[in-house]
Each structure stands twice: as C-alpha cells, then as structure tokens.
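In: Sequence below, structure please.
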Amino acid sequence: MACPTCGCQTAYPFDDKDDPQDDRLQRCAACGEVFDLEDQADEGDDDMQPCPRCRGDGMDPLNDHLLACPACQGEQRP
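Out: Just a heads-up that it's a prediction; the model follows:
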C-alpha cells in the first residue's frame, strides 16, 4: 500500500468521526493525506509523480532547502 499523493508506503488507520466503524480510510505518515484503500497506489509503481512539496529534489522548499522534505523524507523521484 502506498499513498496516492506522495507515494509513502507508511499509512495508519484514520478514524472518521461520522462513521467510526469504517476502516477503509488511511492517513499517510509523510504528508498527512487521508485516502480510501481503493485509491491507494501500488508500492512498485515506477511511474510515480514527484513529491508535490519538493517537486522531487528531496529538500524542503519551506526551509530554504536546508532540511529533507518531510513529505517524502528526502527520497528523490522522477
């Protein structure tokens, strides 16, 4: 399982206040995106999009590129 937004492979169950019994929602550990299990990306996708925060360079643009990007943990992608 991978986040459809950033491709992170770590996600945690998300408790929806409207339907606490619904266990389909997951929250990405890297970017915080909440997504349905049906929308998840494959872990082995080679055509993944660059990180939306750092645009694939792996450095955090909000910290003048001094720190690793918190959304992708500094992993550079195509």
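In: Contacts only, for residue 33.
Out: 3, 4, 5, 6, 27 (CB atoms under 8 Å, 6 or more residues apart in numbering). Backbone N, C-alpha and C define where each C-beta goes, glycine included.
In: Correction: the previous question concerned residue 40.
Out: Taking CB under 8 Å, 6+ apart, one finds 1, 2, 3, 4, 11, 26 in contact with residue 40.
In: One more: residue 51?
Out: 6, 7, 58, 69, 71, 72, 75, 77 are the contacts of residue 51 under CB under 8 Å, 6+ apart.
In: Please convert the residues you listed to JSON lines, extending it with secondary structure, neighbour count and distance to residue 33.
Out: Putting those into JSON lines (DSSP: H, G, I helix; E, B strand; the rest coil; neighbours: other CB atoms under 10 Å; distance: CB to CB, whole Å) gives the following:
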{"residue": "6", "secondary structure": "coil", "neighbour count": "27", "distance to residue 33": "7"}
{"residue": "7", "secondary structure": "coil", "neighbour count": "22", "distance to residue 33": "11"}
{"residue": "58", "secondary structure": "coil", "neighbour count": "17", "distance to residue 33": "19"}
{"residue": "69", "secondary structure": "coil", "neighbour count": "26", "distance to residue 33": "14"}
{"residue": "71", "secondary structure": "coil", "neighbour count": "22", "distance to residue 33": "9"}
{"residue": "72", "secondary structure": "coil", "neighbour count": "25", "distance to residue 33": "12"}
{"residue": "75", "secondary structure": "coil", "neighbour count": "16", "distance to residue 33": "16"}
{"residue": "77", "secondary structure": "coil", "neighbour count": "17", "distance to residue 33": "16"}
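In: All set now, cheers.
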